[in-house]
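**Student:** I would like the atomic coordinates for the input below:
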Amino acid sequence: MTSTRAKWRAGLRFLRMAAARTSHRVVLLVIMTALVASLFPLATLAITRAQVDEACADSREQLAEYRAAQEVFETAALEYEGVLNEVEKVERKQDRVEGSVAVHAEDVDRIQQQIEEQAVELYMRGGLSSPGIILAASSVDQLMTTSEFLTQAATGGQRSIDELIAARSELDRFSGDLSDTRDELKVVEAAKLEAKNNQEAAMVAEQNAYAKLSDRCKTLTSKYDTQQRAAAAAAQARASGSVQVGSFICPFTPGRTSFIDSWGFPRSGGRRHKGTDLMAAYGEPVYAVASGVVRLSNSSLGGKSIWLSGDNGIGFYYAHLSDYNVGSGSRVSQGQTIGFNGNSGNASAGAPHVHFEIHPGGSGAPAVNPYPTVAAACR
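**Tutor:** Down below sits the predicted model:
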């Protein structure tokens, strides 16, 4: 506030000096207008909703279709994220049950081996009349039910039998749980496939609806949406302490990608999502969001990936590409095609997309939520 008042006082002194030098009131008006514009430069640049409505007068139905398609995509994307979480939970449950089955199977094997060793020991001590009792038994069960074994084994043998019965009961119980869990996994995987297809269909519908807008409607809608997202991004940046990334462009052609704010959503292995998933058609060109140097990698998690070390010191990470368009160590310019959209790595069962991250301190530094920055650039 003090700074603003100082500007006004300086401006008014300038006005008085200008007025003293000339009697033309028009000069005073021009200077006053310039002063106001310098203090509030954004006010004249803002796009209002009324301007958008006017520009889209010839595309009202198409604009309504586009807005509705955006909402449908967001709902479908959130549902897909929810199903992914369910699949992850059932997979973890299956892993736990499989572990329990393995442990109890080992217990059964161990106790059966003890009973066999006990029978051999009884024979060696003369407790069994013939090794034929052991050799003729087709299973531990048959051996245990022979009257001679039961008589000679006495209390120790009965204890082993009880332990085996209990161990088998637990093994059967966990085996049943495993069968049920596998059936449950089939159900949630089917739901995942349906949600994936719905999300892809919603993405195509959104992009097709956007393409139907008139050029002027498209331009002002884009500016208005960018303006709204930029304001939200600034508020979120202030709240989270994130930093500005400087000159930045969309990783895809604006209007040809769909996405939601999925920062922090659950991921496999107890991880949390540390980026924004930008959905687009398979093979869609992926651009360098800033000038810098790229480093290529390939792993089971991120698939074909690119680290872009920006000249501004910020690191940008692209994962799940279908292919590269540059070599590792290459210098790239902002807007250059560096790869193509895909679903490599652990995204092989999902819809094609680029997992995109922003690391203000470079590739080794923590990531910040890229959604506000991406949202402001990609419409």
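**Student:** going forward, measure contacts between C-alpha atoms and count neighbours the same way
**Tutor:** Fine.
**Student:** Quick check: chain neighbours aside, which residue is closest to residue 247?
**Tutor:** Closest residue to residue 247 apart from its sequence neighbours, by Cα to Cα, 6 or more residues apart in numbering: residue 290 at 6.9 Å.
**Student:** ok, now residue 310?
**Tutor:** residue 292 (4.2 Å).
**Student:** where's that neighbour relative to residue 371, distance?
**Tutor:** According to Cα to Cα, to the nearest Å, residue 292 stands 21 Å off from residue 371.
**Student:** Kindly report the same for residue 314.
**Tutor:** Relative to residue 371, and taking Cα to Cα, residue 314 is found at 16 Å.
**Student:** Give me the more crowded residue out of those two.
**Tutor:** residue 371 (23 against 20; other Cα atoms under 10 Å).
**Student:** was I right about the residue nearest to residue 310 contacting residue 314?
**Tutor:** No. With contact defined as Cα atoms under 8 Å, residue 292 does not reach residue 314; the gap is 9.4 Å.
**Student:** ranges for the helices of the stretch 51-200 of the chain?
**Tutor:** 60-124, 132-136, 140-144, 147-211 (DSSP state H, counting those that start in this stretch).
**Student:** now stretch 204-212, how far from the centre of its chain.
**Tutor:** 23 Å (Cα atoms, centre = their mean, to the nearest Å).
**Student:** again, but for stretch 169-189
**Tutor:** With Cα atoms, centre = their mean, you get 28 Å for stretch 169-189.
**Student:** which residues touch that stretch?
**Tutor:** 83, 86-87, 90-91, 93-94, 97-98, 100-101, 104-105 (Cα atoms under 8 Å, 6 or more residues apart in numbering).
**Student:** Quick check: the farthest pair among these?
**Tutor:** Spatially, the most separated pair among those is 83 and 105, at 32.5 Å (Cα to Cα).
**Student:** Neighbour count: those two, which is higher?
**Tutor:** residue 83 (21 against 18).
**Student:** Now the more buried one: closest residue in space, sequence neighbours ignored.
**Tutor:** residue 192 (5.5 Å).
**Student:** Pull the contacting residues for the one you found.
**Tutor:** Residue 192 neighbours (Cα under 8 Å, 6+ apart): 80, 83, 84, 87.
**Student:** hmm, back to that, just want the phi and psi numbers for the residue nearest to residue 310.
**Tutor:** Here is the backbone geometry of residue 292 (degrees, to the nearest 10): phi 170, psi -150.
**Student:** How about the contacts made by it?
**Tutor:** 308, 309, 310, 311, 331, 332, 333, 334.
**Student:** again, only using 7 Å
**Tutor:** 308, 309, 310, 311, 331, 332, 333 (Cα atoms under 7 Å, 6 or more residues apart in numbering).
**Student:** Give me the buried entries from those.
**Tutor:** 308, 309, 310, 331, 332, 333 (16 or more other Cα atoms under 10 Å).
**Student:** Pull the most distant pair out of those.
**Tutor:** Among the buried ones among the contacts of residue 292, 309 and 333 lie farthest apart (Cα to Cα), at 11.5 Å.
**Student:** can I see the domain layout of the chain?
**Tutor:** 2-39, 87-202, 242-379 (automatic domain parsing).
**Student:** Cool, thanks, signing off.
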